[in-house]
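> my questions concern the predicted model and sequence given below.
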Amino acid sequence: MGNNTKLSIINNDVFQSLDSDYDTIVVILQYDTFIERCRHAFSNLGVDFYFDSVKYYSEQEYNNKINITPFMKRDKYKAQNEFRIFADFNSNEPQTVRIGDIRDIAILIHKSGFNSINLKELPESI
C-alpha cells in the first residue's frame with residue numbers, strides 16, 4: 001500500500017484548511033528516502049507499518065456504512081491532501097518512532113511565510 005504515493009503542494013489551501021492550533025507544515029522533499037528511514041525505524045522496533053494518501057469520503061458514503069480505514073477522512077478536510085503512516089503497536093499509549101534527523105530531506109514552512117515561497121522551486125510532486 002502506498003508505494004506509488006506522491007504528494008503535491010498546489011497553493012495556500014493547505015494552510016487555510018489547518019486547524020488554528022497549527023501554523024507550520026513539514027514538506028518532505030525526498031519521499032523515497034523518508035519512507036526508507038521509516039521502514040528502517042519500524043523494522044528495528046519489530047512493528048509493521050503502512051502508508052498512503054488519505055482518501056476522503058462524503059457524509060452520504062459514511063451513512064451508507066462504508067468501512068472506514070486509518071487512511072480515510074471526511075471530505076470536508078480534502079484540501080489538506082494528507083499523507084499518513086499507520087502502525088499497530090497493540091497499545092493505546094502514545095508511541096515515539098525515531099527516524100533520525102530529516103533536515104536533509106525536508107523543510108519546515110511557517111504559515112506566515114508560505115506566500116513568499118516560490119513553489120516552482122519545489123518539486124512538482126513529492
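Good, I have the coordinates.
> so what's the residue sitting nearest the centre point of the chain bridging to?
Closest to where the C-alpha atoms of the chain average out (Cα atoms, centre = their mean) is F83, at 2.7 Å. Beta bridges link F83 to S53 when assigned by DSSP bridges.
> quick one: it from Y77, how far?
Shown here: F83 relative to Y77, a distance of 13 Å by Cβ to Cβ, to the nearest Å. (C-beta placed from N, C-alpha, C; glycine too.)
> common neighbours of the two, please.
V54 (Cβ atoms under 8 Å, 6 or more residues apart in numbering).
> got the CA coordinates for stretch 67-80 in PDB?
Included here for stretch 67-80 are C-alpha records, laid out as PDB according to Å, rounded to 0.1, in the frame of the first residue of the first chain:
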ATOM      1  CA  ASN A  67     -15.700   0.600   6.100                       C
ATOM      2  CA  ILE A  68     -13.500   3.400   7.500                       C
ATOM      3  CA  THR A  69      -9.800   2.700   7.500                       C
ATOM      4  CA  PRO A  70      -6.900   4.700   9.100                       C
ATOM      5  CA  PHE A  71      -6.400   6.200   5.600                       C
ATOM      6  CA  MET A  72      -9.900   7.800   5.300                       C
ATOM      7  CA  LYS A  73     -11.200  11.100   6.500                       C
ATOM      8  CA  ARG A  74     -14.400  13.200   5.900                       C
ATOM      9  CA  ASP A  75     -14.300  15.100   2.700                       C
ATOM     10  CA  LYS A  76     -14.600  18.500   4.400                       C
ATOM     11  CA  TYR A  77     -10.800  18.000   5.100                       C
ATOM     12  CA  LYS A  78      -9.900  17.200   1.500                       C
ATOM     13  CA  ALA A  79      -7.900  20.400   1.000                       C
ATOM     14  CA  GLN A  80      -5.400  19.000   3.500                       C
END
